[in-house]
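Undergrad: here is my input; please provide its structure:
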Amino acid sequence: MQPKDIVNAMMQGDAFSQWLGIQILEVRDGYCKLMMRVRKEMLNGFSIAHGGITYSLADSALAFASNSLGQKAVSIETSVHHLEKISEGDELIAETFLEHDSKKFGHYSVRIYKSENQTLKEAAYFKGIVYKTGQVWEK
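TA: The predicted model follows:
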C-alpha cells in the first residue's frame, strides 16, 4: 500500500482523530503533516486549549507517519513540551519527521505550529518512539 492509502485507512477507523477535526495535508514515507482548528469544547478552565489537544494531534501524526512506511507500528514512549498557549479558533499544523529508524523501532519528532499573524509559530514539541510489529499493511 502507498503511504496515503495507509493513512486514509487508519483515519477511517479513527473516531478520535475525526472528532478532533484533523485534516491530512501531506503524507509520504516516514512523514506526515496534519491540520486542525481548536474548538470551544477543547478548552480547559483557563479558556486555553487543554494540553491533551496538542498531545492528541501529535500522537495521531506520529501514528500516521510511522505506519506510512508500510509496517504496522505502535507508540511505546511519547512526551510533549508546550511552548505557547493555544486558544479557541487557533489553526494548528503538526509536522512529523523520522529521526532514526531501525528494524524494530522508529524515533520521531513532531512540531506543532499555530498560525499567528499569518506566520507559523512553534507551539509544542513532541517526541515519540514506536515499535514495529512486523505486520504489514495490506489492501
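Undergrad: using the three-state scheme, assign residue 52.
TA: Assigned by DSSP: H, G, I helix; E, B strand; the rest coil, the conformation of residue 52 is helix.
Undergrad: from residue 126, how far out is it?
TA: 12 Å (CB to CB, to the nearest Å). For glycine as for every other residue, the C-beta is placed from the backbone atoms N, C-alpha and C.
Undergrad: over to residue 6?
TA: To residue 126, residue 6 is 21 Å away according to CB to CB.
Undergrad: unless I misread the structure, residue 64 falls within a helix.
TA: Yes. Counting by three-state DSSP, residue 64 falls inside a helix.
Undergrad: rewinding a little: compare neighbour counts for residue 52 and residue 126 and give me the winner.
TA: Taking neighbours as other CB atoms under 10 Å, residue 52 and residue 126 compare with residue 126 leading, 23 against 12.
Undergrad: mind listing what the more buried one touches?
TA: 54-55, 58-59, 61-62, 78-81, 109-112 (CB atoms under 8 Å, 6 or more residues apart in numbering).
Undergrad: looking at these, spot the one nearest residue 15.
TA: residue 59 (14.2 Å; CB to CB).
Undergrad: specify the local secondary structure of the residue positioned nearest the centre of the chain.
TA: For the chain, the residue nearest the mean C-alpha position is residue 61 (2.0 Å; CA atoms, centre = their mean). Under three-state DSSP, the three-state class of residue 61 is helix.
Undergrad: likewise for residue 103?
TA: Strictly by three-state DSSP, residue 103 counts as coil.
Undergrad: now the one 5 residues further on
TA: Using three-state DSSP, the structure places residue 108 in strand.
Undergrad: how near is it to residue 26?
TA: 15 Å.
Undergrad: now do residue 63
TA: From residue 63 to residue 26 the distance is 15 Å (CB to CB).
Undergrad: which one of the two is surrounded by more residues?
TA: Of the pair residue 63 and residue 26, residue 63 is the one with more neighbours under other CB under 10 Å, namely 23 against 13.
Undergrad: isn't the more buried one up against residue 10?
TA: Yes. Contact criterion CB atoms under 8 Å: residue 63 and residue 10 qualify, at 6.8 Å.
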